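*Asks:* sequence and predicted structure, then a few things I'm wondering about:
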Amino acid sequence: MRIGVNTRFLLKNKMEGFGWYTYETMLRITQQHPEHEFVFFFDRPFDDRFVFADNITPVVVPPPARHPILQRIWFDYSITKALKKHKCDLFVSPDGYISLKTEIPQLAVIHDLNFEHNPQDVPKSVLKFFKKRFPIFAKKAARICTVSEFSKKDIVKTYGIPEEKIDVTYNGVSPVFKQIEESQGQKIRDQYTKGKPFILFVGAIHKRKNVQRLIEAYSSLKSKGRTDHQLLIVGEPMWNSQAVNVDQSLEKFVHFTGHVALVELANIMGSASCLAFVSYFEGFGIPLIEAMQSGVPVLAGNKTSLPEIGGDAALYCDPFSVDDIAEKLEMILTDENLRISLIEKGLRRSEDFSWDYTARDLWKAILRMMNEERKMKN
């Protein structure tokens, strides 16, 4: 087979969720299946390290596609022509966008439908594009993958897609996340939080990540003298309008790092007293598993996919209640028996998630799609 892959989120030193899913799955699939050819379609100049194997042909297809209008041009026209030119048998898109103009089978990885349930979280120009196009993507795709049973059920219910058309390919976690020595942890604390222990948030600063309520809950504890911890926020605003507000009295206790490289993120994660990931809508929530694998106790929101992913290895809170977030934060920081239990359960839980498993399941979905197409033609 000659397989076209949307690799536009493979960006040197700038990768987030879509990029890591693409990187980790395609790294494995291309190397494990040298009998097939892969064409990687980038929308801008690429780093050579993303050409993992000899069976990959990298192609730059203009224009750079981030604005909705340019995305439509890229997928419906540029990619359609490129797929034909490079004689691809199928197209795999790890960010869910597909071409509406090509007739070759396409597999779309749709991670979540937050914009359908929380439209206020998304800029209007982006929302209009998502609302119009994603139902069409879901119906046109020959096969869909998603990252949790929650998201699968959501796609079925919201778009009326048959269950049998959707495969769950849970995200994995990088082996760089691991327990670290106390001396190394202290160096990280010295670097980021003036040597003080810290509560950690990791992720794009997006409304659904609920960072504002986390800051308010932290402020509540701090104002009552109930924690000496500082708050470290790792990530960048997804859109400029998504920035959060920090009261002037808290500025010396709340720290923003912006984007950090993966190895540095692993060091930060392993140095935290806890991860506070109180998002109110997630398709998966990779930081939960990264923290668990690092031996760090996790506080998570009790909505959408997070209880499915965290299982019994996280402490849960109501993400819409500042008081409940604050109460659970205090528990996870002060109850030593709870902390030990969560760490032990988290280490076991993290073993259930691996990019090897993700790549295996994605490849099975690709083969299933091709077999279905052959049956339809015969």
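*Replies:* Structure's in. What do you need?
*Asks:* drop to CA atoms for contacts and neighbour counts, all remaining ones
*Replies:* Fine.
*Asks:* Asn171 belongs to a helix?
*Replies:* No. With DSSP: H, G, I helix; E, B strand; the rest coil as the criterion, Asn171 is located in coil rather than a helix.
*Asks:* tell me the pLDDT at it?
*Replies:* At Asn171, the predicted lDDT confidence score is 98.
*Asks:* swap in Val176?
*Replies:* In the predicted model, Val176 carries a pLDDT score of 97.
*Asks:* near it, how many other residues are there?
*Replies:* Residue crowding around Val176 was assessed by other CA atoms under 10 Å; the count is 15.
*Asks:* can you tell me the SS state at it?
*Replies:* When states are read from three-state DSSP, the local structure at Val176 comes out as coil.
*Asks:* show me where the stretch 101-250 of the chain dips below the pLDDT cut-off.
*Replies:* 240-242 (pLDDT under 70).
*Asks:* in it, which spans are helices?
*Replies:* In the stretch 101-250 of the chain, the helices defined using DSSP state H, counting those that start in this stretch lie at 114-117, 124-140, 149-159, 182-192, 211-223.
*Asks:* and the third one with helix 124-140, angle?
*Replies:* In this case it means helix 149-159. For helix 149-159 and helix 124-140, the angle between their directions (axes from the mean of the first three to the mean of the last three CA atoms, to 10 degrees) works out to 90 degrees.
*Asks:* next one: the fourth one
*Replies:* If you take the same axes, to 10 degrees, helix 182-192 sits at 140 degrees to helix 124-140.
*Asks:* which one, of the helices of the stretch 101-250 of the chain, ends up nearest to Phe9?
*Replies:* Of all those, it is helix 124-140 that lies closest to Phe9, at 17.3 Å by CA to CA.
*Asks:* could you dump the closest one to CSV, C-alpha only?
*Replies:* The C-alpha trace of helix 124-140 is given here as CSV (Å, rounded to 0.1, in the frame of the first residue of the first chain):
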residue,chain,number,x,y,z
LYS,A,124,-16.4,32.4,16.4
SER,A,125,-14.5,32.0,13.1
VAL,A,126,-13.0,28.7,14.2
LEU,A,127,-16.3,27.5,15.7
LYS,A,128,-18.2,28.1,12.5
PHE,A,129,-15.7,26.0,10.6
PHE,A,130,-15.7,23.2,13.1
LYS,A,131,-19.5,23.1,13.4
LYS,A,132,-19.9,23.0,9.6
ARG,A,133,-17.1,20.6,8.7
PHE,A,134,-16.7,18.0,11.4
PRO,A,135,-20.1,16.4,11.0
ILE,A,136,-19.2,16.1,7.3
PHE,A,137,-15.8,14.7,8.0
ALA,A,138,-17.3,12.1,10.3
LYS,A,139,-19.8,10.9,7.7
LYS,A,140,-17.3,10.9,4.8
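*Asks:* now for Leu70, how many residues are close by?
*Replies:* Neighbouring residues of Leu70 were enumerated by other CA under 10 Å; the total is 14.
*Asks:* right, and it touches Pro62 too?
*Replies:* No. Taking CA atoms under 8 Å as the definition, Leu70 is not a contact partner of Pro62, at 9.3 Å.
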